[in-house]
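Colleague: Generate a structure from the sequence data that follows.
(one chain, ligands or ions: 2)
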Amino acid sequence: MTKICPKCKNPFTCSGDSDCWCEDVQIHKKEMLVIMEMYTDCLCPDCLGEYSEK
Ligand SMILES: [Zn+2]
Ligand SMILES: [Zn+2]
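Modeller: Ligands and ions are numbered 1, 2, ... in the order given. Next comes the predicted model:
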């Protein structure tokens, strides 16, 4: 499923289930809640990477 990243407006794919790449990105639950509130949807790999734990 192709989505448009609400942050950078680039198209990316997200299946929205547990098989999705975004499930593998290590993000703090707190950060995830912030993302959900701000963007209501998944972000692209680049933007999500900015929130991931390093
Ligand atoms: Zn993005
Ligand atoms: Zn996803």
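
Colleague: Which of the three states applies to Leu43?
Modeller: coil (DSSP: H, G, I helix; E, B strand; the rest coil).

Colleague: can you count the residues close to it?
Modeller: With neighbours defined by other Cβ atoms under 10 Å, the count for Leu43 comes to 24. Using the backbone N, CA and C atoms, a C-beta is placed for each residue, glycine as well.

Colleague: Give me the distance between it and Val34.
Modeller: Distance from Leu43 to Val34, counting by Cβ to Cβ, to the nearest Å: 11 Å.

Colleague: Kindly report the residues of the chain close to ligand 1.
Modeller: 5, 7-8, 44, 47 (Cβ under 5 Å from the ion).

Colleague: How about residues contacting the helix or strand of the chain with the lowest mean pLDDT?
Modeller: Least confident helix or strand, the chain: helix 29-39 with a mean of 88, by mean pLDDT, DSSP states H and E. Helix 29-39 has contacts (Cβ atoms under 8 Å, 6 or more residues apart in numbering) with 6-7, 27, 43, 48, 51.
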